[in-house]
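K.L.:
Sequence first, predicted model second:
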Amino acid sequence: MERRPVFRVLSALVAALGVAAMTAPPSSAAPGPGGFDLDSADIPALQARMATGRLTAVDLTRAYLDRIRAVDPKVNAVLALNPAALAQAAASDLRHRAGRARGPLDGIPVLVKDNVDTRDQPTTAGSRALRSRPSADATLITRLRAGGAVILGKANLSEWANFRAEKPTSGWSGVGGQTNNPYVLDHNPCGSSAGSAAGVAASLAQVAIGSETDGSIVCPAGMTGTVGHKPSLGLVSRTGVVPISAEQDTAGPLARNVVDVALTLSVLQGRDPADPATAQYPATQPTDYAKLLRPGALRGARIGLWRLPVLGPDTDAVLSRARDSLVKAGAEVIEVTPPYQDRLAELEFPALLTEFHRDIDAYLATRPSGPRNLADLIAYNRADPLERTCFAGQELFERALAAPGPDDPGYRAGRAELSDLARRSLDETLAEHQLDAIVSPTNPPAWKTDCATGDDDVIPSSTPAAVAGYPDVTVPAGFVGPLPVGLSFMGARWSDGRMLALAADFERVAPGREPPRYLPKLPSVPTSGS
């Protein structure tokens, strides 16, 4: 496995900037400038400090650079740092001093999954075939910059967003190596936004950006004890995000608390003429999701509880405790099972094969250099042995190359049925029981990372919302031994604000997050625990 140059680059950067080296082993403590705790500080608290001059964006960015130097050698979440990060922070400080701050993200360090185009850094999707700079920022990066965010760097990911091999290892890429779960380091962070989730879990950034086709925001968030939001399709532009499927792909925020996710989504969202899905963005959509996060949102809410026994009795025990917390908060909880799940599983993968071939070829055509199409990527992987150091296969690439084209009647009929059944699975369940949301366990406890066997991921809860294009917000719900389990809130399309409000109230009444302890391995067989 190729080792990344990021730490040699980081050491030089830290020395040049006069940032004190931190050589202590990782711990759950995350000291920030002025003595506050980075792990527990949210964006409103940070902005309050900035407004009174007790904190600068430069100091905050330096604190995260220190934290990366101390902790990331164990977690391996940061693929590459942005050399311009401190300059961006200094510009933010000038705006704050002049009373011209651009909003709640001004001066806030953000990690970006390395399948999101940034004009000043390479965007690789984790592949050595794509080690070049794109010609322009992704639209969501333009929005972050306009909001004053500090682009701290690029986060590692599952290579090609886990769409290369039939048995991939989540969190591994040919460029970045293996990202580890901060709670138990030899266990998996889930994919494909592995570095984004592990990075915020380990307090390496205040916020991170991930992307999802099916589960790749919510599963890593659940497995790393963080909050992740897979938005409604069309809420956030996908222009400049390396694709799998335009029918399902979206990008969204991850953080250690719901308010930071809500504030970040408020900056990310909006129409983009280059992304037709955003044309459906409602004029009535909230512009500030944080204003919706009021205590008592669960009181009187009707919540459908979707148990998933396939995730095991320990995970179900976490769900039962979450149910009790929902009831205590004043919600009425009804057990439900959304229909059509077996048919969704049959239809989704064939559709994605066709869509990946179509969409990756279109994306590669926007790059100024490198492979021009899927056939080029396959040829590159065959010629580069370092791309096969964890898992050798590229079966999905090869099957996508041979898949029917997007005008094929069989593909079109399959995709139409798939999208219809996914929407109906949620819409019919919500309507039948007059529900505000459906909740389910986001994930089982993380499995041990093993390149030889690949992932052990039977996680069906994300599929209905992912295929339908509906929102899915996950919050920490508890633990199985030392490993986190998340609770997903799913609702109708464009109900992102309502899902965030319900998730925030659950976070308030049943705080389920604890900072990671970076255990090298499980101390014993995990048992049910809260």
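P.N.:
Sure thing, it's come through. Remember, it's a predicted structure, so these values are computed and weren't measured experimentally.
K.L.:
okay, CA-based contacts and neighbour counts for the rest of this
P.N.:
OK.
K.L.:
Tell me how many other residues crowd Arg102.
P.N.:
When neighbours are counted by other Cα atoms under 10 Å, Arg102 registers 16.
K.L.:
ok, it touching Arg145?
P.N.:
No. Applying Cα atoms under 8 Å as the test, Arg102 and Arg145 come out as separate, 9.8 Å apart.
K.L.:
Which helix or strand contains Val473?
P.N.:
Taking DSSP states H and E as the criterion, Val473 maps to strand 472-480.
K.L.:
Direction included, what does that strand pair against?
P.N.:
strand 227-230 (antiparallel), strand 483-490 (antiparallel), strand 528-529 (antiparallel) (DSSP bridges).
K.L.:
weakest of those by average pLDDT?
P.N.:
Looking at the strands paired with strand 472-480, the lowest mean pLDDT belongs to strand 528-529 (a mean of 50).
K.L.:
hang on, the earlier thing: now do the strand holding Val473, average pLDDT.
P.N.:
Across strand 472-480, pLDDT averages out at 98.
K.L.:
before we move on, back to that, looking at the strands paired with strand 472-480, which is buried most?
P.N.:
Mean neighbour count (mean count of other Cα atoms under 10 Å) peaks for strand 227-230 among the strands paired with strand 472-480, with a mean of 32.
K.L.:
So which elements touch whatever helix or strand comes next after that one?
P.N.:
For strand 227-230, the following helix or strand on the C-terminal side (DSSP H and E) is strand 250-255. The contact analysis (3 or more Cα pairs under 8 Å, 6 or more residues apart in numbering; DSSP states H and E) places strand 250-255 against helix 194-201, strand 207-212, strand 227-230, helix 258-268.
K.L.:
Quick check: which of those is nearest to Thr429?
P.N.:
strand 227-230 (19.8 Å; Cα to Cα).
K.L.:
what pLDDT does the closest residue to Ala277 other than its chain neighbours get?
P.N.:
For Ala277, ignoring the flanking residues on the chain, the nearest one in space by Cα to Cα, 6 or more residues apart in numbering is Gly234 at 4.5 Å. pLDDT, Gly234: 98.
K.L.:
Now do the same contact list for Gly234.
P.N.:
Going by Cα atoms under 8 Å, 6 or more residues apart in numbering, Gly234 touches 250, 271, 276-281.
K.L.:
What of Lys230?
P.N.:
Under the criterion of Cα under 8 Å, 6+ apart, the neighbours of Lys230 are 211-212, 217-218, 250-253, 466, 471-473.
K.L.:
Serialize those to TSV and add fields for distance to Leu308 and neighbour count.
P.N.:
As requested, these are exported to TSV (distance: Cα to Cα, whole Å; neighbours: other Cα atoms under 10 Å):
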residue	distance to Leu308	neighbour count
Ser211	24	33
Glu212	21	26
Ile217	19	34
Val218	16	36
Thr250	25	29
Ala251	26	29
Gly252	25	25
Pro253	25	28
Ala466	17	28
Pro471	19	27
Asp472	16	33
Val473	17	30
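K.L.:
Throw the residues you listed into TSV and include distance to Gly296, thanks.
P.N.:
Output for the contacts of Lys230, formatted as TSV (distance: Cα to Cα, whole Å):
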residue	distance to Gly296
Ser211	30
Glu212	30
Ile217	27
Val218	24
Thr250	30
Ala251	29
Gly252	25
Pro253	24
Ala466	28
Pro471	21
Asp472	20
Val473	18
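K.L.:
Of all pairs in these, which one spans the longest distance?
P.N.:
Across those, the longest distance by Cα to Cα is 15.3 Å; it joins Pro253 and Ala466.
K.L.:
Where do the strands of this structure begin and end?
P.N.:
78-81, 109-113, 150-155, 172-173, 177-178, 207-212, 227-230, 250-255, 302-305, 332-335, 437-441, 472-480, 483-490, 528-529 (DSSP state E).
K.L.:
Can you add distance to Ala501 and give the strands paired with strand 472-480 back as TSV?
P.N.:
Output for these, formatted as TSV (distance: least, Cα to Cα, whole Å):
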stretch	distance to Ala501
strand 227-230	12
strand 483-490	10
strand 528-529	26
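K.L.:
can you tell me which of those strands comes nearest to Asn82?
P.N.:
Nearest to Asn82 among the strands paired with strand 472-480 is strand 227-230; the distance by Cα to Cα comes to 23.3 Å.
K.L.:
Comparing the helices and strands packed on strand 250-255, which comes out most buried?
P.N.:
Among the helices and strands packed on strand 250-255, highest average neighbours (mean count of other Cα under 10 Å) belong to helix 194-201, with a mean of 35.
K.L.:
which secondary structure elements does it contact?
P.N.:
Against helix 194-201 (3+ Cα pairs under 8 Å, 6+ apart) you get strand 109-113, strand 150-155, strand 207-212, helix 218-223, strand 250-255.
K.L.:
got those as TSV, with mean pLDDT columns?
P.N.:
What follows is the helices and strands packed on helix 194-201, written out as TSV (pLDDT from 0 to 100):
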stretch	mean pLDDT
strand 109-113	98
strand 150-155	98
strand 207-212	98
helix 218-223	98
strand 250-255	98
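K.L.:
possible to save the ones you listed as a markdown table with distance to Ala90?
P.N.:
Listed next are the helices and strands packed on helix 194-201 as a markdown table, based on distance: least, Cα to Cα, whole Å:
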| stretch | distance to Ala90 |
| --- | --- |
| strand 109-113 | 12 |
| strand 150-155 | 10 |
| strand 207-212 | 19 |
| helix 218-223 | 30 |
| strand 250-255 | 23 |
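K.L.:
residues in contact with the closest residue to Glu348 other than its chain neighbours?
P.N.:
Leaving aside its sequence neighbours, Glu348 sits nearest to Leu418 (Cα to Cα, 6+ apart; 6.6 Å). Residues counted as contacts of Leu418 (Cα under 8 Å, 6+ apart) are 343-344, 347-348, 467.
K.L.:
Just the buried subset of the residues you listed, please.
P.N.:
Buried by 16 or more other Cα atoms under 10 Å: 344, 347-348, 467, out of the contacts of Leu418.
K.L.:
farthest pair in the residues you listed?
P.N.:
Taking Cα to Cα, no two of those sit farther apart than Leu347 and Val467, at 10.4 Å.
K.L.:
Arg388 - how many residues pack around it?
P.N.:
Neighbour count for Arg388, taken as other Cα under 10 Å: 16.
K.L.:
correction: Arg119
P.N.:
Neighbour count of Arg119, defined by other Cα under 10 Å: 15.
K.L.:
if I look at it, how far off is Leu94?
P.N.:
24 Å (Cα to Cα, to the nearest Å).
K.L.:
got the end-to-end distance for stretch 475-490?
P.N.:
Stretch 475-490 end-to-end distance (Cα to Cα) = 12 Å.
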